[in-house]
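Trainee: Task: produce atomic coordinates for the following.
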Amino acid sequence: MTPDNGVDPTVQQPDTPAKTTDQPRTLPPQVSRRGFILGAATAAAAAGTTGLAACGNINRTTEAADDDDPTQAFLADDIVPFDGVHQAGIDTPGQAHLNIIAFTLRAGTTIDDVRRLMTVWTEDARQLTRGHNPIGSLEPELATIPANLTITCGFGPRFFDIIGKTDQRPEWLKPIPVFSKDKLEDTWGEADLALQICCDDPLTLAFATRHMTRAGGKLLETRWMQQGFLNARGATDPGTTPRNLFGQKDGTVNPQSTAEYDDYVWIDENSSDPQWVRGGTCMVVRRIAMNLDTWEELDRTSREVAMGRYLESGAPLTGKEEFDTADFKAKDQFGLPVIDPRSHMALAAPPTDNPKEKMRRRAYNYLESHIPGSDHTTNVGLVFICFQQNPVTQFTAIQQRLNDNDRLNTWITHIGSAVFAVPPGTSEVGAGKDQYWGASLLES
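Mentor: All right, here's what the predicted structure looks like:
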């Protein structure tokens, strides 16, 4: 009989890993693990793991090659290494599909329960992202196509009350202040845990989402799930900035180098934050409704003025190429600024006296069923996810300027908000890193 949480120790994992070519890197060998049985109050776990930890890097995607028929190996066998200095799914290029699920921990959950949950979740995520069937899954056929699957875990503000470690909660881990133009709905509010699951194959994504949710057993209630999409893999050239449903390129100013990620995204060893979160980051999730009906009433020039960039190229209105530096002092023939000071681009840019007001944007579009009674003909928007060292000095500072003066506010409304602390990456064998998500926190 399968235990209440759905973990079935009799299910075996396939022996053959998916093929990858990350230059000379090889994936860790297949893990051998005895069964985990996770319950709401009682659980027992024993595990043995072998292998080498993979290092994190900016271009984490490894592409498979098949000597017999390369076309058959395209995408299906592509693997993003799970283990590394940082969690995958942050500096990873955006996959085509997103499910981000937020959970509430049920009353009576103990730190021991959470420790076992994180152990199970981490190992199952490790196997799923390799194209292996995790213990407890009865559908091994659905686990064979990793397609760049990543699973990223975050802890919400109340998580630390539940585990009895409020002194380990980062000072910035609290709800984002409500801005004057926000119309926040509790439906999309704060939660105890979050899993950002991204993949280039929607069936694999659905399977991974179901498995990870079921693996939580009776400890969890699903708070919300947000789904999103970008262009299909291969529809655009690698490195192309994705577009939102206003047609705008979204993410042009993202960090590009290891040094920039170190400066703006990863919490470093010199931080005043608790030791356990160093090497991790902060994830902010905002749900932004977009009014396409009124946006489409604008002519193209008006849309570009509101954004501060040309729609086709993404270039600033003072430039020709997407990544050209904007000249905010440039004037037109009438002496007016070429880039409107109230444009989205101008207000989102870091001020000269605080160049660290940057972050890693990883947004996805959403298209949902029509809302009965709504004046909008379509229910569309953005699942805006961003990563930064400190949301108070980065996201909130930027959003305050946008809330106060951004011309795009005429067509967008923030309706959801949540913030999570993302622990650092993992190592299958320890090697100075956590073997499961948040181990340094939960075992301290």
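Trainee: where does the stretch 151-300 of the chain have low pLDDT?
Mentor: Low-confidence segments of the stretch 151-300 of the chain, defined by pLDDT under 70, are absent.
Trainee: what are the ranges of the strands in it?
Mentor: Listed in chain order, the strands found in the stretch 151-300 of the chain under DSSP state E, counting those that start in this stretch are 193-199, 220-229, 281-290.
Trainee: Please identify the deepest-packed of those strands.
Mentor: strand 193-199 (a mean of 26; mean count of other C-beta atoms under 10 Å). Glycine gets a C-beta too; all of them are placed from N, C-alpha and C.
Trainee: now that strand: how far from the chain's centre is it?
Mentor: In terms of C-alpha atoms, centre = their mean, to the nearest Å, the centre of strand 193-199 is found 6 Å from the chain centre.
Trainee: Relative to it, what are the paired strands and their orientations?
Mentor: For strand 193-199, the pairing partners within the sheet under DSSP bridges are strand 97-105 (antiparallel), strand 150-155 (antiparallel).
Trainee: Need the nearest residue in space to residue 416, chain neighbours excluded.
Mentor: Counting by C-beta to C-beta, 6 or more residues apart in numbering, residue 188 is the residue found nearest to residue 416 once chain neighbours are left out, at 2.5 Å.
Trainee: Tell me if I'm right that the one you found and residue 287 touch.
Mentor: Yes. Using C-beta atoms under 8 Å, residue 188 is in contact with residue 287, at 4.6 Å.
Trainee: just to revisit the earlier point, distance of the residue nearest to residue 416 relative to residue 288?
Mentor: In this structure, residue 188 and residue 288 are 10 Å apart, going by C-beta to C-beta, to the nearest Å.
Trainee: hang on, the earlier thing: residues contacting the residue nearest to residue 416?
Mentor: 224, 226, 287, 415, 416, 417, 418 (C-beta atoms under 8 Å, 6 or more residues apart in numbering).
Trainee: now for the protein, which residue lies nearest the mean position of the chain?
Mentor: In the chain, the C-alpha nearest the mean C-alpha coordinate belongs to residue 196, at 4.8 Å (C-alpha atoms, centre = their mean).
Trainee: For that one, give me its contacts.
Mentor: Here residue 196 is in contact with 89, 98, 100, 150, 151, 152, 154, 283, 385 (criterion: C-beta under 8 Å, 6+ apart).
Trainee: Check which helices and strands the longest helix along the chain sits against.
Mentor: Under DSSP state H, the helix in the chain containing the largest number of residues is helix 111-129. Applying 3 or more C-beta pairs under 8 Å, 6 or more residues apart in numbering; DSSP states H and E, one finds that helix 111-129 makes contact with strand 36-37, strand 44-45, strand 150-155, helix 159-162, helix 202-215, helix 439-442.
Trainee: Buried residues, the last one. List them.
Mentor: Judged by neighbour count (16 or more other C-beta atoms under 10 Å), helix 439-442 contains these buried residues: 439, 440, 441, 442.
Trainee: ok, residue 382 to residue 364 distance?
Mentor: Note on residue 382: its distance to residue 364, by C-beta to C-beta, is 7 Å.
Trainee: Just give the nearest non-adjacent residue to residue 306, would you?
Mentor: On the basis of C-beta to C-beta, 6+ apart, the spatially nearest residue to residue 306 that is not a chain neighbour turns out to be residue 407, at 4.3 Å.
Trainee: for the one you found, what are its contacts?
Mentor: Contacts for residue 407 (C-beta under 8 Å, 6+ apart) come out as 305, 306, 340, 342, 343, 344.
Trainee: Next step: those restricted to helices.
Mentor: 305, 306, 344.
Trainee: how much space between residue 119 and residue 442?
Mentor: Remark: distance between residue 119 and residue 442 (C-beta to C-beta) = 9 Å.
Trainee: if we can go back for a sec, figure out which of the strands paired with strand 193-199 is closest to residue 125.
Mentor: Shortest distance between residue 125 and those, using C-beta to C-beta, is found for strand 150-155: 4.0 Å.
Trainee: Which parts of the protein are helices?
Mentor: Counting by DSSP H, the chain has these helices, from start to end: 70-73, 111-129, 159-162, 202-215, 258-264, 292-295, 300-307, 344-348, 395-405, 439-442.
Trainee: Please produce TSV containing these, extended by distance to residue 427.
Mentor: Rendered in TSV, the data for these read as follows (distance: least, C-beta to C-beta, whole Å):
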stretch	distance to residue 427
helix 70-73	28
helix 111-129	11
helix 159-162	23
helix 202-215	20
helix 258-264	19
helix 292-295	45
helix 300-307	43
helix 344-348	36
helix 395-405	29
helix 439-442	10
